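sequence? don't have it. structure:
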């Protein structure tokens, strides 16, 4: 795996930069008969069931240096699967229950979950046209991290984990942190293109186009 090195910046205080990588892959197959369509869907269910997707996302967590907190997975009928993994940048220290005894609690039918840092999710969408013979498979993967860990490190692995004809990749950075001199930083690494994090031999297999969307500030005022 080729990982492009990034410049290290000495930060001060809490780093609340959120880095989100959205990886969407599409597979398209012409299934002329009902038997071909069923065989394709069976193949997709075998290749991308919840157990295998969990292994892929767990390895993504290892690559980016995150710690798995919790895993939720589900297969669907007739097809499709979802996996959600909660991760943290470092080991989580458990807090004794008695710490919360005197704090206001939730209403009886509410559930409150304490999340540490980040999450990794995948949802799959196998579909077919009943008349035209086109079967498709889409997988939406989101890797969202806070702190210093970067989801870009897992990009090459994700491309190799899914047999894809078409893919779209979005990368967003939100929030801010500060350097040691107190200056605000809205990104803590240099990046001009997601392609910087994809090996040349992989880029040679696809036609790639960059679309950079720059931030704009909008002011919304209520009518008096």
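Here it is on my side, so go on. None of these values were measured; they are calculated from a predicted model.

so where's this protein uncertain?
Counting by pLDDT under 70, the chain contains low-confidence residues at 1-15, 90-117, 213-224.

redo that, cut-off 50
1-6, 92-115, 217-220, 222-224 (pLDDT under 50).

which residue ranges form the helices in it?
With DSSP state H, the ranges of helices along the chain come out as 34-47, 50-64, 155-161, 200-203.

which of those helices sits closest to residue 182?
Shortest distance between residue 182 and the helices of the chain, using Cβ to Cβ, is found for helix 50-64: 28.0 Å. Bear in mind the C-beta positions are built from the backbone N, C-alpha and C, glycine included.

tell me the angle that closest one makes with helix 34-47.
Inter-element angle recorded for helix 50-64 and helix 34-47: 40 degrees (by axes from the mean of the first three to the mean of the last three Cα atoms, to 10 degrees).

and helix 50-64, what does it pack onto?
When contacts are defined as 3 or more Cβ pairs under 8 Å, 6 or more residues apart in numbering; DSSP states H and E, helix 50-64 sits against strand 67-75, strand 81-88, strand 118-128, strand 134-146, helix 155-161.

now the third one against helix 34-47, angle please.
Same thing as strand 118-128. Going by the same axes, to 10 degrees, strand 118-128 makes 170 degrees with helix 34-47.

with the fourth one instead?
Here strand 134-146 runs at 20 degrees with respect to helix 34-47, directions being taken by the same axes, to 10 degrees.

so what strands line up beside strand 134-146?
When pairing is defined by DSSP bridges, strand 134-146 lines up against strand 18-30 (antiparallel), strand 118-128 (antiparallel).

select, out of those, the one closest to residue 187.
Closest approach to residue 187 among the strands paired with strand 134-146 (Cβ to Cβ): strand 18-30, 8.7 Å.

how about that closest one: buried residues?
Buried residues in strand 18-30, counting neighbours by 16 or more other Cβ atoms under 10 Å, are found at 19, 20, 21, 23, 24, 25, 27, 29.

ok, the third one touching residue 151?
Yes. Look at residue 21 against residue 151 with Cβ atoms under 8 Å: they come within range, at 3.8 Å.

any residues in contact with both of the two?
Counting by Cβ atoms under 8 Å, 6 or more residues apart in numbering, the contacts common to residue 21 and residue 151 are 143, 144, 171.

now do the contacts for the first one.
I take that to be residue 143. By Cβ under 8 Å, 6+ apart, the contact set of residue 143 is 20, 21, 23, 60, 64, 118, 120, 151, 154.

how about a cut-off of 7 Å?
Applying Cβ atoms under 7 Å, 6 or more residues apart in numbering to residue 143 gives the contacts 21, 60, 120, 151, 154.

make CSV out of those residues and add distance to residue 177.
Conversion of these to CSV gives the following (distance: Cβ to Cβ, whole Å):
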residue, distance to residue 177
21, 18
60, 23
120, 22
151, 16
154, 21
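
whichever of these end up buried, select them in PyMOL.
Here the buried members of those are turned into a PyMOL selection, burial being counted by 16+ other Cβ under 10 Å:
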select buried, resi 21+60+120+151+154
